[in-house]
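**Q** Predicted model follows, preceded by the sequence.
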Amino acid sequence: MSNGPLLSVKGLKKHFPIKSGVFGRTTGYVLAVDGVDFDIEEGETFALVGESGCGKSTTGQAILRLTEPTAGSVVYRGEDVVAASDKRLRELRKQMQIVFQDPYSALNPRMTVGRAIEEILRVHGIAQGSEARRKVGRILQTCGLAPYHANRYPHEFSGGQRQRVVIARALALEPKLVVADEPISALDVSIQSQILNLLDDLQDKFGLTYLFISHDLSVVKHVADRVGVMYLGKLVEVADKRAFYDNPMHPYSEALLAAIPVSNPKLRRRRIILSGDVPSPANPPPGCPFHTRCPYAMRVCREKVPELKHAPDGRRVACHLVHGDYSEEERRDAEQEVERRKAVEA
Ligand code: SF4
């Protein structure tokens with residue numbers, strides 16, 4: 001019998017107030033995350049993808065309550081993280097760790113990495129003294145470093161080694177869930193694959209579950225089991241990796257995948273050109289948030305928000321076109337618009 005997902009996120013929102021004037025009055029809100037729902041099964045890697053500013057990192061931080069959610073629930077192993085007391089949250093955080101993009105700013109430059117990890121072990125009551133030092137040596141070795149690296153300061157490491165230290169620090173508390181927020185994007189291309197391999201090995205060894213946040217769809221293709229695409233604070237498609245890469249359904253997913261360079265011309269995708277800029281999350285468009293850039297936009301798209309609903313193959317997509325929520329007249333108009341754009345592009 002299944003015990004249910006390890007993590008279940010429902011209706012998660014994070015709205016940042018916009019303050020202005022001398023009295024700092026709230027004049028609006030940036031809807032960074034605006035009602036996101038997904039589950040992550042134990043042992044899987046769920047990737048959140050999208051352009052910069054789409055809300056994927058804020059989603060990761062809201063899940064761990066590094067930023068307090070505005071609304072919604074985050075249920076970890078049956079327990080609502082959002083409703084947890086401060087004391088309980090500290091205990092839950094042992095099981096839910098985060099690895100940030102920039103390993104340098106994630107480490108204290110005035111502390112040896114050994115002391116930094118020992119400190120975490122001590123604060124959480126896991127080990128101290130010689131036992132903590134032994135544990136630090138073992139964790140560093142597990143992450144591809146040597147025990148003597150414990151005596152070094154962050155600036156004495158290369159970028160790749162520093163990210164190994166950050167991963168070691170996250171693992172010190174023996175978490176079940178790791179939020180990996182763009183864990184390789186600040187690294188040299190030549191060492192990115194080493195860190196990806198390390199994350200993969202650690203997942204096998206410790207049965208880790210990953211929420212992998214990335215803007216890079218070619219990286220996600222290698223690491224993810226399932227993919228969630230975000231646009232302007234909302235999920236627009238959630239699908240198994242293979243279904244997503246073979247046959248993206250949401251027009252935004254199509255456009256993102258069409259932008260990945262492919263060496264084999266036979267495998268090149270139909271090119272969708274995204275017109276216009278990403279709208280401001282402080283003033284998102286009505287209806288479908290993607291309608292201002294979507295080549296298939298119909299009248300219904302400008303008026304009605306598409307729900308994230310199941311498609312016949314089981315994935316979830318938020319698009320009127322995919323779900324057939326349009327009139328014949330709208331379909332004809334949209335087709336004409338696509339033809340017109342093709343003619344302009346040609
Ligand atoms: Fe495009 Fe309409 Fe689908 Fe939005 S709902 S992605 S505008 S076709």
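**A** Sure, I can see it.
**Q** Pick out the residue in the stretch 1-150 of the chain sitting closest to the ligand.
**A** Residue nearest to the ligand within the stretch 1-150 of the chain: Gly50 (13.8 Å; C-beta to the nearest ligand atom). Where C-beta positions appear, they are placed from N, C-alpha and C, glycine not excepted.
**Q** Just give me the neighbour total for that residue.
**A** Residues near Gly50, counting by other C-beta atoms under 10 Å, number 26.
**Q** Name the nearest residue to it, ignoring sequence neighbours.
**A** Leaving aside its sequence neighbours, Gly50 sits nearest to Met230 (C-beta to C-beta, 6 or more residues apart in numbering; 3.9 Å).
**Q** Where does the one you found sit: helix, strand or coil?
**A** strand (DSSP: H, G, I helix; E, B strand; the rest coil).
**Q** That one: what's it in contact with?
**A** Contacts for Met230 (C-beta atoms under 8 Å, 6 or more residues apart in numbering) come out as 36, 48-50, 54-56, 59, 236.
**Q** what is it paired to in the beta sheet?
**A** Going by DSSP bridges, Met230 is paired in beta bridges with Leu235.
**Q** Ok, Lys19 next?
**A** Beta-bridge partners of Lys19, counted by DSSP bridges, are Thr26.
**Q** That one: neighbour count?
**A** 11.
**Q** try Met249
**A** Met249 sits with 21 neighbouring residues when counted by other C-beta under 10 Å.
**Q** can you list the residues of the stretch 201-346 of the chain near the ligand?
**A** Residues of the stretch 201-346 of the chain lying near the ligand by C-beta under 6 Å from any ligand atom: 250-251, 288, 290-291, 294, 296-298, 301, 306, 319-321.
**Q** Could you check stretch 25-38 and say which residues are buried?
**A** Residues 29-38 are the ones in stretch 25-38 that count as buried (16 or more other C-beta atoms under 10 Å).
**Q** Check those residues against Arg77 and report the nearest one.
**A** Phe38 (16.0 Å; C-beta to C-beta).
**Q** where's Lys87, which helix or strand?
**A** In the assignment (DSSP states H and E), Lys87 maps to helix 86-95.
**Q** quick one on the thing from earlier: so which of the residues of the stretch 201-346 of the chain next to the ligand are in strands?
**A** Counting by DSSP state E, those place none of their members in strands.
**Q** do you know how far Val238 is from Leu31?
**A** 19 Å (C-beta to C-beta, to the nearest Å).
**Q** Pull the distance from the helix or strand harbouring Asp204 to the chain's centre.
**A** With elements taken from DSSP H and E, the one containing Asp204 is helix 189-206. What separates the centre of helix 189-206 from the centre of its chain is 17 Å, taken as C-alpha atoms, centre = their mean, to the nearest Å.
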